[in-house]
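In: Next come a sequence and a model predicted from it.
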Amino acid sequence: MIERKKTLLAISFALSTFCLFAQESSIDEMRNSTQAIILASLDREKAAILQQLDSIKFVNAGEQDVEGVVFDIDDVHVVRKLNALAREVPLDYNQYVRKYIDLYSSKNYAGHMSRMLGLAQYYFPLYERILSEVGVPKEIKYLSIIESALNPHDVSRVGATGPWQFMYGTAKMYDLTMDNYVDERKDPIASSYAAAKYMKEAYAEFGDWLLAIASYNCGKGGVKRAILRSGKIQPSFWEVAPFLPKETRNYIPAYIAMTYTLGYAQDNGIEAKESDLALNTQVLEIDKFVSISEVAKAIDVSEESLKLLNPAYKKGIVNGSDESHRRLIIPELIEDINREQLYLALNTAVEKPIQIVETANDDIRVSGQLSAAKKHQVRKGENLAFIAKKYNVSVQNLKAWNNLKNSNVRVGFFIARQKRWCKQ
C-alpha cells in the first residue's frame, strides 16, 4: 500500500513537472515570437524612415549638392522622437533640420540653451495658456526663442520689437499700443495674443502650419509669391522653400530643431539656468498713473525685479486710467505683506503726468537707414565678449548678425548689436 502511494506521488510529480516545463516552453515561444514581431516592425519602420529621408533630401536642393547627404540610424532615432513630440505642427526632418539640431546641441550653445530653458519656466506657461485660448498649437511657443531669445527688450535692426518681434505696422494691425509710456510689443501677454491671432489667420489662409510660421518671418505676401513661383497647388513648406528668402528657408529648420532640442532637454543634457523672473505671480488692474518703484517698496522687492515682470512700461510708470485700465504683474503676495502700504502705493497717483503721445513709426525701412544707436564702433582693447556683455547679447548672436566667422574684430569696425529679420 505504501509502495503504491509512493508510485502515485512520483507519477503526480512527474506530470506536474512536465506541465510546468510545457507551460514555460510555451511562454518562451510566445515571448520569442513577440520579440521577433517587434524587431521586424522596427526594421520595417527604420527602412521606411530611411527611404523617406532619402526622398526628402532632394527637396529644396537648390543651394547644394545632396549626393553627399547620408542618413543613418542616428537620424532614424531623431525622426522617431520628432514623431513622438509632434502634435499639430509637422516636425519634419531633413539635412537642414539636422544642421540646426547639431548646432543647438553643441557645446557652444550649451549656455544659451540653459538660459532659454530657465526663462521658459516663466514664459511658456503664459504662452501655452494664450495660444490654447486663441486656438493655436501650443508648440508655437518655441518660435519666440527663435525670434527674440525670450528677451522682451529685443529690437531688430529694422525695428521689430519684443518677444514676438512685431514691426510697428503689424503691431498697429493687432491693436498693440505704442506711446511714450508703454510699448505693448514688449508686453509678453499682449504681444502673445497678437502673435496667436496672426498665426491663426495665417493658417486659415495657407492651410499649413509651417507655411503660416514662415509667413511670420517674411510676411504673408512673401509666402504667396513663393507659392506662385513654385507653380504648385496647396504645396508644403519644403516645396516652396527654394522660392523663399534664404533667411526664411533657415527659419523653419531652426524652429523644428529648437522644438526638438528643448522638447528633449534632459536627453540633450540641458539643465535650466535659474532666471531673475518670479515664477509665481499675480496681476493687479491699474486705473491711474502708478509708480512701479513705489509698488516695489510696498511689497519689499527690488524695482528692477518688478520691471522685469512689466517690460512694456517705458518710464517706470503704469499709465492706467478710467477709460483704459493697465496690467501690473507682481510676485505672488506673501501673508505678512504690508497691505496698507501697498494700497497707498496703488492709490497715490503720480503727479503731473505728461501728455500721452503715440510713438512714431520705428520701422527702420521707412527711414531707409540703420541708426547709430543700433551699432557699436569697436574701440581699442574691446572684443566680442566685451561688446556682447555691454549690450546683454550673446557672442554667437553678434557673429551671426555681422557675418563673422571668428571673434576677431578690428578697431574702428562698426558692429551691429541687434539682429534683422525680413518681416513685412
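Out: Arrived safely.

In: Now do the helix or strand containing residue 222: which elements does it pack against?
Out: In the assignment (DSSP states H and E), residue 222 maps to helix 209-230. Under the contact criterion of 3 or more C-beta pairs under 8 Å, 6 or more residues apart in numbering; DSSP states H and E, helix 209-230 touches helix 188-206, helix 237-240, helix 246-263. The way it works is simple: take the backbone N, C-alpha and C, and place the C-beta from them, glycine included.

In: Can you mark which positions in stretch 346-356 are buried?
Out: For stretch 346-356, the neighbour count (16 or more other C-beta atoms under 10 Å) marks 346, 350 as buried.

In: Now do it: distance to the chain's middle.
Out: From the chain centre to the centre of stretch 346-356 is a distance of 37 Å (C-alpha atoms, centre = their mean, to the nearest Å).

In: returning to that earlier point: same list (the helices and strands packed on helix 209-230) but as a markdown table, adding distance to residue 300, mean neighbour count and mean pLDDT.
Out: Formatted as a markdown table, the helices and strands packed on helix 209-230 follow (distance: least, C-beta to C-beta, whole Å; neighbours: other C-beta atoms under 10 Å; pLDDT from 0 to 100):
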| stretch | distance to residue 300 | mean neighbour count | mean pLDDT |
| --- | --- | --- | --- |
| helix 188-206 | 24 | 21 | 98 |
| helix 237-240 | 50 | 22 | 95 |
| helix 246-263 | 34 | 22 | 97 |
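
In: okay, those helices in TSV with distance to residue 158 next?
Out: As requested, these are arranged in TSV below (distance: least, C-beta to C-beta, whole Å):
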stretch	distance to residue 158
helix 188-206	17
helix 237-240	23
helix 246-263	12
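
In: Those: which one's closest to residue 339?
Out: helix 188-206 (24.9 Å; C-beta to C-beta).

In: what comes up buried for stretch 389-398?
Out: Those buried within stretch 389-398 under the rule 16+ other C-beta under 10 Å are 393, 394, 395, 397, 398.

In: Show the contacting residues for the residue lying closest to residue 188 once chain neighbours are set aside.
Out: Ranked by C-beta to C-beta, 6 or more residues apart in numbering and with sequence neighbours excluded, the top spatial neighbour of residue 188 is residue 163, at 5.6 Å. Residue 163 makes contacts with 123, 144, 147, 148, 150, 151, 152, 154, 186, 188, 191, 192, as judged by C-beta atoms under 8 Å, 6 or more residues apart in numbering.

In: What score does the third one have for pLDDT?
Out: We have a pLDDT of 97 for residue 147.

In: That one is in contact with residue 161, isn't it?
Out: No - with contact defined as C-beta atoms under 8 Å, residue 147 does not reach residue 161; the gap is 10.5 Å.

In: Could you report the neighbour count for residue 220?
Out: Using other C-beta atoms under 10 Å, the number of residues around residue 220 comes to 18.

In: Pull up the gap between it and residue 195, please.
Out: Residue 220 is 14 Å from residue 195, where distance means C-beta to C-beta, to the nearest Å.

In: Kindly report the same for residue 180.
Out: Between residue 180 and residue 195 the computed distance is 24 Å (C-beta to C-beta).

In: can you check residue 76 too?
Out: Distance from residue 76 to residue 195, by C-beta to C-beta: 34 Å.

In: which ones are touching the nearest residue to residue 124 once chain neighbours are set aside?
Out: Spatial nearest neighbour of residue 124, chain neighbours left out: residue 141 (5.3 Å); criterion: C-beta to C-beta, 6+ apart. The contact partners of residue 141, by C-beta under 8 Å, 6+ apart, come to 120, 123, 124, 127, 128, 131.

In: ok, those vs residue 303, which is closest?
Out: Looking across those and measuring by C-beta to C-beta, the closest to residue 303 is residue 123, at 21.4 Å.

In: Let's check: the centremost residue of the protein is which one?
Out: When C-alpha atoms, centre = their mean is applied to the chain, the residue found nearest the centroid is residue 142 (1.9 Å).

In: got a list of what residue 413 touches?
Out: Contacts of residue 413 (C-beta under 8 Å, 6+ apart): 377, 378.

In: switch the cut-off to 10 Å
Out: Neighbouring residues of residue 413 by C-beta atoms under 10 Å, 6 or more residues apart in numbering: 376, 377, 378, 382, 402, 404.

In: Residue 143 is in contact with residue 215, isn't it?
Out: No - counting by C-beta atoms under 10 Å, residue 143 does not reach residue 215; the two are 11.9 Å apart.

In: Now do the shared contacts for those two.
Out: The overlap between the contact sets of residue 143 and residue 215 (C-beta under 10 Å, 6+ apart) consists of residue 199.

In: ok so, going back, please produce a PyMOL select command covering the buried subset of the contacts of residue 413.
Out: Filtering the contacts of residue 413 down to the buried ones (16+ other C-beta under 10 Å) takes a single PyMOL command:
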select buried, resi 376+378+382+402
